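Novice: Model the structure of this input:
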Amino acid sequence: MLLPYRTSIRPRQTPYTNYALIVVNVIIFFMQYHNDPMRGGMVFRPWVDYFMLNPGPGELHLWQFISYAFLHGSRVSFRQGLMHIGGNMFFLYLFGNNVNDRLGHIGYLCFYLAGAVFSGIGHIMVSGASVLGASGAVAAVTGAYLVLFPQTLITVLYWFFFIGTMELPALYFIAFKMIILDNIIVRYGGDYVAYDAHLAGYAFGIAAMLGLLAAGLITSSNFDLWAMIKRWNRRRSYRDVVSSGYDPFTGRAKANEVKTAAQQQKEEETRQLREEISKRIAERNLPAAAGLYLEFTRLDSKQVLPRQYLLDIANQLASEKKHAESALAYEQFLTHYSTYEYSEQVELMLGLLYSRYLKEPALAAKHLEAAAKKLSDPAQLKMCQDELARLRN
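Specialist: Numbers count the residues shown, from 1 in each chain. Model (predicted):
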């Protein structure tokens, strides 16, 4: 079981509209029920049926495309109703705050209500059953989060045979876990869950945000999904230009012009990758930063990151067992930041990489000997001396 419970980005301003939607949903939820001893406890009030989305002939009214999204509950038990609204409001809080921040209060409210309408339309197109709940609107908000913040980290609680946490990029968690696995492949809730409304909500949220970004109606952050698509397209165009030998601006095969265009493209790609790496590190997303760094060095091996960024990425690559890549990052670090106050620890790490994994005894001995002259920690010094002794035997 996987449950997200925290994101790595916080809204810049208080998301009052999202909080208001949560409060309104909770108030209406408790208004729906009353205690009926004859029927075994807490049950729906009669007016609830009138405001649910009822696809049946003569029962469907336009206001139901909005009103159904503010109703929650279950005819089976009040406890299931609490679980229904609790789950929806938790995900609305988790993803809605940042979407509210990006769209503004009026824009977010309009988007939320539109998500409810489109998810309701998606439901009645494939199902004849009545439906209630904010799940479709919340799915639209979650789809918007995927587009606006695809590279932020979501902290996920998991429990199988043991319990723990891990961090996953929003793009992968929402797309593969929440949309594909939960709503297409597995479908845990069976016939009691309006999966088609969920999928319609996700589709609307993703399409609407991409459309707003493409039209310039909301400002791109350079890290959203639309910016990622544009960068991919520019890289594809750049590869095509280089491979064909043609200048994409004039259509003529002049080597000096192609070189100039390629250089400009390369500089732009380098700048954007540097910004992305900084952003990922600021979000504590070191796995993504390390992947971008590898692309960064392939594009221009002479480019150098700030000292702490480069060291963090080298350590991350080592933890991912990308030994050759981490060794190159450490080598670059020592070349450009030789005065680093703890350079002996970098030398030790490089020596161990060359000795244990890359089978480069000469390079290993060089770095281990340099580390042994400066190491002050007894445990690290012993490790260094033991490794040198092993190389010499």
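
Novice: The nearest residue to residue 78 once chain neighbours are set aside: neighbour count?
Specialist: Computed as CB to CB, 6 or more residues apart in numbering, the closest residue to residue 78 that is not its neighbour in sequence is residue 42, at 3.8 Å. For the C-beta atoms, the positions are set from N, CA and C on the backbone; glycine is no exception. Residue 42: 17 surrounding residues under other CB atoms under 10 Å.

Novice: likewise residue 146?
Specialist: 24.

Novice: on that earlier part again, ok but the residue nearest to residue 78 is inside a helix, no?
Specialist: No: counting by DSSP: H, G, I helix; E, B strand; the rest coil, residue 42 is not part of a helix but strand.

Novice: That one and residue 34 touch, don't they?
Specialist: Yes: at 7.2 Å, residue 42 and residue 34 qualify as touching, with contact defined as CB atoms under 8 Å.

Novice: Counting neighbours, what do you get for residue 341?
Specialist: 6.

Novice: give me phi/psi at it?
Specialist: Backbone torsions for residue 341, taken as degrees, to the nearest 10, come to phi -70, psi -20.

Novice: mean confidence for stretch 85-103?
Specialist: The average pLDDT within stretch 85-103 is 96.

Novice: Pull out the buried positions in that stretch.
Specialist: 85, 87-89, 91-92, 94-103 (16 or more other CB atoms under 10 Å).

Novice: which ones are touching residue 112?
Specialist: By CB atoms under 8 Å, 6 or more residues apart in numbering, the residues touching residue 112 are 17, 21, 96, 137, 140-141.

Novice: and with 7 Å instead?
Specialist: Going by CB atoms under 7 Å, 6 or more residues apart in numbering, residue 112 touches 21, 137, 141.

Novice: which of those residues tops the neighbour count?
Specialist: Using other CB under 10 Å as the neighbour criterion, residue 137 leads these with 32 neighbours.

Novice: So, low pLDDT: which residues of the stretch 1-150 of the chain?
Specialist: Of all residues in the stretch 1-150 of the chain, none has pLDDT under 70.

Novice: let's see it at 80
Specialist: Low-confidence segments of the stretch 1-150 of the chain (pLDDT under 80): 1, 39-40, 75-76.

Novice: element containing the spatially closest residue to residue 143 that is not a sequence neighbour, please.
Specialist: Spatial nearest neighbour of residue 143, excluding adjacent residues (CB to CB, 6+ apart): residue 205 at 2.6 Å. For residue 205, the host element (DSSP states H and E) is helix 195-214.

Novice: Packing partners of that helix?
Specialist: Contacts defined by 3 or more CB pairs under 7 Å, 6 or more residues apart in numbering; DSSP states H and E place helix 195-214 against helix 105-126, helix 135-148, helix 225-244.

Novice: Out of those helices, the one nearest residue 4 is which?
Specialist: Closest to residue 4 of the helices and strands packed on helix 195-214 is helix 135-148 (CB to CB; 10.0 Å).

Novice: the inter-axis angle of that closest one versus helix 225-244?
Specialist: 40 degrees (axes from the mean of the first three to the mean of the last three CA atoms, to 10 degrees).

Novice: Figure out how far helix 135-148 is from the centre of its chain.
Specialist: 13 Å (CA atoms, centre = their mean, to the nearest Å).

Novice: Over to stretch 285-299?
Specialist: Distance, centroid of stretch 285-299 to centroid of chain: 16 Å (CA atoms, centre = their mean).

Novice: Run a quick neighbour tally on the closest residue in space to residue 55 that isn't next to it in sequence.
Specialist: Excluding the flanking residues, the one nearest residue 55 by CB to CB, 6+ apart is residue 124, at 4.3 Å. When neighbours are counted by other CB under 10 Å, residue 124 registers 21.

Novice: ok, residue 124 touching residue 57?
Specialist: No: under the criterion of CB atoms under 7 Å, residue 124 is not in contact with residue 57, lying 11.9 Å apart.

Novice: what's the span of stretch 301-312, first residue to last?
Specialist: 18 Å (CA to CA, to the nearest Å).

Novice: List the contacts of it.
Specialist: 270, 277, 281, 286, 296, 329, 332-333, 336-337, 340.

Novice: Can I get these in a markdown table including neighbour count, distance to residue 228 and pLDDT?
Specialist: Formatted as a markdown table, those follow (neighbours: other CB atoms under 10 Å; distance: CB to CB, whole Å; pLDDT from 0 to 100):
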| residue | neighbour count | distance to residue 228 | pLDDT |
| --- | --- | --- | --- |
| 270 | 15 | 17 | 88 |
| 277 | 23 | 14 | 92 |
| 281 | 22 | 18 | 89 |
| 286 | 21 | 19 | 90 |
| 296 | 22 | 16 | 90 |
| 329 | 26 | 24 | 94 |
| 332 | 18 | 26 | 93 |
| 333 | 22 | 28 | 93 |
| 336 | 13 | 29 | 92 |
| 337 | 16 | 31 | 91 |
| 340 | 15 | 34 | 88 |
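
Novice: any idea which helix is longest in the protein?
Specialist: helix 255-282 (DSSP state H).

Novice: any idea how far stretch 362-375 is from the chain center?
Specialist: Chain-centre distance of stretch 362-375: 40 Å, with CA atoms, centre = their mean.

Novice: And stretch 50-65, by the same measure?
Specialist: The mean C-alpha position of stretch 50-65 is separated from the chain mean by 36 Å, CA atoms, centre = their mean.

Novice: hmm, back to that, in the sheet, who's paired with the residue nearest to residue 78?
Specialist: Note on residue 42: beta-bridge partners by DSSP bridges are residue 35.

Novice: circling back: deepest of the helices and strands packed on helix 195-214, which one?
Specialist: helix 135-148 (a mean of 29; mean count of other CB atoms under 10 Å).
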